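> compute the structure for the input listed below.
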Amino acid sequence: MRILPFFFLLILLMSSCSENYTPKPRGYFRIDLPERSYRIFDTTYPYTFEYPVYSAISIDSTRMAEPFWINISYKPFNATLHFSYKAINGNLAEYLDDAHTLVNKHIPKANAITQREYADPAHRVFGLVYDIRGADAASPYQFYLTDSIANFARGALYFNRVPNNDSLAPVIEFLKADLERMISTFRWKSTGNQVSVKYKTKH
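Presented below is the predicted three-dimensional model:
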């Protein structure tokens, strides 16, 4: 008779193992976003802009870096905006081609690349903004700015980890707003007062 309890237990285990298993949807860790607040980057560099208080600016010290190149580190998100500057000397077309080429390198991993024009004629700040969509895209956001005469600058946002932009989507959208604030407050040192302007959208 002592065998009966073990027999029923065995039947119970076998019946529970035969149930259909429904996998749970993939979940991601909750990301706490900081409160937005900005400060002004205004030094001896030939440009100025606003950037978040929760980020840090450092001089680009890599071997290929040139004068006035900087990195903006978004420490809470382990992300960096690599920002380069070049003086124009009859070679604007070359810089524009380089910017397009660097964006096009992400095409194999991107689902879509949206190009948006930016123009602030009052301060001679013109450019293009690239939204790069795709879970495996290494850089989700890039842009360049120029006055078409003397100055050219380019920014590229990268996360310091293996790309997984599905899980990083809230952070990417959060940082895009900060980068748009940077662009809308961007001034060449010789262009006068700061005035905010809006994007023109182009698909």
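> so where's the protein shaky on pLDDT?
Low-confidence segments of the chain, defined by pLDDT under 70, are located at 1-31, 162-166, 190-203.
> all strands for it, in order.
38-41, 47-52, 56-59, 70-74, 79-87, 112-120, 125-133, 141-146, 151-159, 187-188, 200-201 (DSSP state E).
> can you redo the ones you listed as a markdown table with distance to E180 and mean neighbour count?
Backbone N, C-alpha and C define where each C-beta goes, glycine included. Conversion of these to a markdown table gives the following (distance: least, Cβ to Cβ, whole Å; neighbours: other Cβ atoms under 10 Å):
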| stretch | distance to E180 | mean neighbour count |
| --- | --- | --- |
| strand 38-41 | 12 | 14 |
| strand 47-52 | 11 | 20 |
| strand 56-59 | 18 | 12 |
| strand 70-74 | 14 | 20 |
| strand 79-87 | 12 | 20 |
| strand 112-120 | 9 | 15 |
| strand 125-133 | 8 | 20 |
| strand 141-146 | 9 | 23 |
| strand 151-159 | 11 | 22 |
| strand 187-188 | 15 | 20 |
| strand 200-201 | 12 | 10 |
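> and of the ones you listed, who's closest to D178?
Of all these, it is strand 47-52 that lies closest to D178, at 5.1 Å by Cβ to Cβ.
> now what about that closest one, what contacts it?
Counting by Cβ atoms under 8 Å, 6 or more residues apart in numbering, the neighbours of strand 47-52 from elsewhere in the structure are 34, 36-42, 57, 68, 72, 74, 85, 151, 153, 178, 181-183, 185-189.
> quick check: neighbours of it in the sheet, parallel or antiparallel?
Applying DSSP bridges, strand 47-52 is found paired with strand 38-41 (antiparallel), strand 187-188 (antiparallel).
> look up how far T44 lies from the closest residue in space to H82 that isn't next to it in sequence.
Take H82 and drop its neighbours on the chain: the residue closest to it by Cβ to Cβ, 6 or more residues apart in numbering is A156, 5.0 Å away. Plainly put, A156 is 24 Å away from T44 if you go by Cβ to Cβ, to the nearest Å.
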